[in-house]
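Visitor: Curious how this folds, go ahead:
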Amino acid sequence: MRLRNKVSVITGTGGSIGRAAAVRFAQEGALVVGCDANAAAAQDTLEIVQAAGGQMISLHPVDLTTVAGCRELVDFAIRQQGRIDVLFNNAAIAHFNWIEDITEDEWRRNSRDEVDLVFFLTQAAWPHLKESHGTIVNTASLTGWRTFRLLGGLAHATAKMGIVGMTRHLAMEGREHGIRANSISPGVIETNQTREQLKDKEWADYMLGKTLLGRLGRPEEVANAALFLASDESSFVTGIDIKVDGGMAVW
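Guide: Predicted structure coming up:
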């Protein structure tokens, strides 16, 4: 029960990693507050967690790319649970393209869908995290640390390295309030977002060939890393990025 009675806000619980995190956190005693823009998927996760005996509530649909949407989620968590102990900024939508083809709209959409929602929600939750001496976990990406010749990841990498930098500053600013902040950089994880890409055999073979373990990562493996960072087991860990990549960063 590593998160016993800790109110844990997890964004993007309708997605693969968000769902795995909601299930895993609830198994460890967390009072999970989920959310997603996809109401049907978020409702499915809510029912899965509750059916397994976990404690979870969810706000869906909600648009976290707006300040109003982020404040709505924070207000919902405080109204229902009274505090926020853990904030797992997991939600994001990645956009891929090559530099000559990226439009202004694509570039700005990428920043909105991967950076803005983390900043706006963290800012809205900050007063409550100060009160609880809480913990922040942000999702970055290995794409920020490594380039791949078959992946037009310029905008995505830029956004996710922004998350790494933001996390370090949050750790610095939060130090006086007992707030820890860390990030996770997943490699190739089998999720709803990557499943279509993996149908391209050339792309899949290339990416798997870059992985020391020779297989895709599972959403549960990312959730386990988030659980460690959210729990008191990582009480002396702040301002770092953990790569959950099967060894991709090694070669």
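Visitor: Distance of the nearest residue to Ser231 once chain neighbours are set aside relative to Asn182?
Guide: Spatial nearest neighbour of Ser231, chain neighbours left out: Arg2 (4.2 Å); criterion: CB to CB, 6 or more residues apart in numbering. Glycine gets a C-beta too; all of them are placed from N, C-alpha and C. To Asn182, Arg2 is 16 Å away according to CB to CB, to the nearest Å.
Visitor: Likewise for Ala77?
Guide: Counting by CB to CB, the gap from Ala77 to Asn182 is 21 Å.
Visitor: Ser132 now?
Guide: 17 Å.
Visitor: With neighbour numbers in mind, choose between the two.
Guide: Between Ser132 and Asn182, Asn182 has the larger neighbour count (other CB atoms under 10 Å), namely 25 against 18.
Visitor: Now do the contacts for the spatially closest residue to that one that is not a sequence neighbour.
Guide: Nearest non-adjacent residue to Asn182, counting by CB to CB, 6+ apart: Leu229, 4.7 Å away. Residues near Leu229 by CB atoms under 8 Å, 6 or more residues apart in numbering: 135, 137, 180, 182, 184, 237, 242.
Visitor: And for Met172?
Guide: Applying CB under 8 Å, 6+ apart, the residues near Met172 are Gly239.
Visitor: Can you tell me the element it falls in?
Guide: Assigned by DSSP states H and E, Met172 falls within helix 154-174.
Visitor: Can you list the buried residues in that helix?
Guide: Buried residues in helix 154-174, counted by 16 or more other CB atoms under 10 Å: 154-164, 166-168, 170-171, 174.
Visitor: In the protein, what helix or strand scores lowest on average pLDDT?
Guide: helix 201-209 (a mean of 90; mean pLDDT, DSSP states H and E).
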